[in-house]
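> no sequence for this one, just the structure:
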């Protein structure tokens, strides 16, 4: 499949948003000056699980500068509760107060909010709010959550098992009986958090005269956020404007309406004064959103030559204490796409999601992050147990080009993807056979090299039909507008909330290509609900296909009208021989495109200021609006190869090489896509190596600072080599596929598989993360003890 | 005088004197942002790890979240707002732009300030030296690779054109 020809898409263009960000003129929430704004500070529970006996805020109220102290009781008068009850089989409905009234469910749960004239004063006063608690036993692990006599995180539910779903496709039992072996593997992924460098924060400005709330907040999803905010304040969507300015990273943390933000909005309305809140890092680590803590077990029924006959998957996810999303939202996707690049029709899964006394989970860049590690770790287990080459096992089982479109066992359809090509491309780039020779030589000298392979099939875009089929509430459509102003200036908007990806640049390419102007001529206006059209926002790698695709289609419609007016101005019967290039109309004359002297500005001036000169029956103006429903799902694919050296004496891991071959369809902006590849891989590696939200047995979070919650710095991350192997998706506008999460999936799988490959001579299998030196040493020490005893 | 009483201080920022009344406990970062209205200095962790709030004090990188404004009497503070002169990006800023060394931009001012100072002392750094110095600035978006590339490019530009005067 040859890539389509584009004039603008795919050009190298440095980002349009950089100047303001490089010079200190970015405008993040906390940079917005609001005269007279009060400051909010939250009083948080020191206990993981406790009844609230009483709250005494008298001393705090008496402090100079303190304006109010509010608790869950007041907020229950001013706001509605959240009810998370989508009609999904096996999912318990959950409700949540704006602030807890009866009991707290994790350490850091907000119990009161102090409003003062200054942030320092608000923090002083928060310390004076006396809360009496009756401490309850805490649920601190998923295993404890599942015990029959476990404390109940939510007493209105029948158990801590929030969601339980299973499915059988084909006949897994029969495949087990036929199999040469059934190989079992487990995978434990630890709890992590998104850690945007800009913490959460918001400003609520209530206009008493207009009865209108202006809410400044960094959000990925401005319109769905407004819908929820308005509803919970019992306001109409006409009474709330959400404005998302520059955002210092989101990664999934800036999607939900959080209780702190709703509290600030409600208090501003009640006091009729502007109120602002900036979360500090401790709060961000203890109380924002967390992700990823899941356990997986696979049982692979295989033939003697390593063919995968049937596969069973079990997942248990620790969802934390509250349901900011439906319980099945994250783990369900893992189960649906697990088999990814491999051919297997007999597949069953069982997905349990449990509540615990921890911060509630949210989607974090690649909510399905564990998928590729589980599948590729299973492939490695097959190779290990049957003493086969891991590449040979993959080649034997992988979908071949002629297999597509391929309907996976779960019914998901894979089309226009190239896993075999990226696998071979990456192996050739790294020199696989040569690596095996180097590995042998190194081992002989006591140096342990390992190569990890991870082929990723990344679900992107998530159309409405996917949500419907998966039993997850939501829509996957997107909306855009395009306006060519009387001067010929091109303004455009879409419902995505930018959080640093570079949408003002990458989406400008979609408009440029559809319309026929340079990307420099296009200005994107994002993040303001009164300006942008109602779209579903930025999440699930949908920005390219849903956002870019909608803009591309909208711009194509605009182009038709522009050329029709151009034809009239040129005295032509029709516009068939015309095109717009760099904002100038060209005409096909004797097989060549020739300048006509008519430009976009001439067309725009006519459309707005001389409408009587327009073609008969044409409406004045150049304003366009378009919505678009993408396919149920689009897929990108990649193969990650990670070479490491493990120091078996210390357990330290050193990167030798990192190669990724990726096919993510038509690339709007290669600059932005490369940045997303680097960032996703970095997040995956950092998570697999260092990052861990650590709760002790009492549910105390012991990772409240960045000295405890470790993130990879420039010293720990490898140089990443990228092979671009892009092929278009034939079902989407311009062939866009979407990307930005697969890097996480590939990185954690490739790294972990590499460590296992390095440690193979010790008969040690790494099956949990993070891959700390202590963990690796424990495994090695245990093994040598056993060997010594034997 | 109690510790919470506001005191007059003179804060010299980017060559301008700001006469302020601040509590002794007021952080330099907050004074810059709230009292001087220089919001380019970002606060990412308030405990000295992330490096987003890095400014130069007498030419040396300092965490403005671990410094009190009142300590700055008699010192020269430089912030990100001083780096581009007459809307012209410095070689380092320009290289970060060309090499896509920033995404959300929240950590960027701290990185620019750190390396404006670094490159003065180390005009010809190795990648390893850059990564070592960069380890005091957390970036969640880029994976650092293009930042390292940009700093190398800026160093090369500055070696070629030594007339450029960093803040």
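That came through, no problem. Keep in mind it's a predicted model, so treat the numbers as computed, not measured. Numbers count the residues shown, from 1 in each chain, chains lettered A, B, ... in the order given.
> which helix of chain B spans the most residues?
Longest helix of chain B, by residue count under DSSP state H: helix B:145-160.
> how is chain B carved up into domains?
Recorded structural domains for chain B (assignment: automatic domain parsing) are B:7-82, B:91-160.
> what does chain A give?
Chain A breaks down into these domains under automatic domain parsing: A:18-23+A:477-628, A:32-136+A:199-247+A:254-287, A:290-464+A:632-789.
> and those as a markdown table, adding mean pLDDT?
Below are those laid out as a markdown table (pLDDT from 0 to 100):
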| stretch | mean pLDDT |
| --- | --- |
| domain A:18-23+A:477-628 | 97 |
| domain A:32-136+A:199-247+A:254-287 | 97 |
| domain A:290-464+A:632-789 | 97 |
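> Quick one: closest of those to residue B:83.
Residue B:83 sits nearest to domain A:18-23+A:477-628 of all the domains of chain A, at 7.0 Å, using Cβ to Cβ. Where you see a C-beta, it was placed from the backbone N, CA and C, and this is true even at glycine.
> is that closest one anywhere near chain B?
Yes - for domain A:18-23+A:477-628, a contact with chain B is found by Cβ under 8 Å from any Cβ of the partner chain, at A:18, A:19, A:20, A:21, A:22, A:23, A:499, A:500, A:501, A:502.
> Now do the contacts for the residue in the stretch 251-400 of chain A that chain B sits nearest to.
Shortest the stretch 251-400 of chain A-to-chain B distance, computed as Cβ to the nearest Cβ: residue-wise this is residue A:281, at 4.2 Å. By Cβ atoms under 8 Å, 6 or more residues apart in numbering or on different chains, residue A:281 lies in contact with A:199, A:705, A:706, B:44, B:45, B:46, B:47, B:50.
> which residues touch the nearest residue in space to the third one that is not next to it in sequence?
Yep, that's residue A:706 we're talking about. Closest residue to residue A:706 apart from its sequence neighbours, by Cβ to Cβ, 6 or more residues apart in numbering or on different chains: residue B:49 at 3.8 Å. Residues in contact with residue B:49 (Cβ under 8 Å, 6+ apart) are A:705, A:706, A:707, B:138.
> And for the third one, the neighbour number?
When neighbours are counted by other Cβ atoms under 10 Å in any protein chain shown, residue A:707 registers 11.
> Can I take it that it is in a strand?
No - applying DSSP: H, G, I helix; E, B strand; the rest coil, one finds residue A:707 to be coil, outside a strand.
> sorry, back to before: buried among the contacts of residue A:281? Make that a PyMOL selection.
In PyMOL, a selection of the buried entries from those looks like this (16 or more other Cβ atoms under 10 Å in any protein chain shown):
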select buried, (chain A and resi 199+706) or (chain B and resi 44+45+46+47+50)
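> who's in contact with the closest residue to chain A within chain B?
Using Cβ to the nearest Cβ, the closest approach of chain B to chain A is made by residue B:40 at 2.0 Å. Contacts were defined as Cβ under 8 Å, 6+ apart; by that measure residue B:40 touches A:23, A:24, A:25, A:26, B:79, B:80, B:81, B:109.
> redo that, cut-off 7 Å
If you count contacts by Cβ atoms under 7 Å, 6 or more residues apart in numbering or on different chains, residue B:40 has them with A:24, A:25, B:79, B:80, B:81, B:109.
> In contact with the third one, which residues?
This means residue B:79. A:24, B:13, B:14, B:32, B:38, B:40, B:41, B:55.
> do the second one as well
For residue A:25, the contact set (Cβ under 7 Å, 6+ apart) comprises residue B:40.
> one step back: assumed the residue of chain B closest to chain A was part of a helix.
No - counting by three-state DSSP, residue B:40 is located in no helix; its state is coil.
> the strands in chain B, which residues?
B:7-13, B:16-22, B:54-57, B:60-63, B:76-78 (DSSP state E).
> who touches the third one?
What that stands for is strand B:54-57. Contact with strand B:54-57 is made by B:41, B:61-64, B:72, B:75, B:77-79, B:110, B:113-114, B:117, B:167, as judged by Cβ under 7 Å, 6+ apart.
> Got a quick PyMOL command for the buried subset of those residues?
Entered in PyMOL, the line below selects the buried ones among those, by 16+ other Cβ under 10 Å:
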select buried, chain B and resi 41+61+62+63+64+72+77+78+79+110+113+114+117+167
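> Which of the three states applies to the residue of the stretch 651-790 of chain A found nearest chain B?
Here the stretch 651-790 of chain A gets closest to chain B at one residue, residue A:682, 3.1 Å apart by Cβ to the nearest Cβ. Secondary structure state of residue A:682, per three-state DSSP, is helix.
> pretty sure it is touching residue A:719, no?
No - with contact defined as Cβ atoms under 7 Å, residue A:682 does not reach residue A:719; the gap is 11.4 Å.
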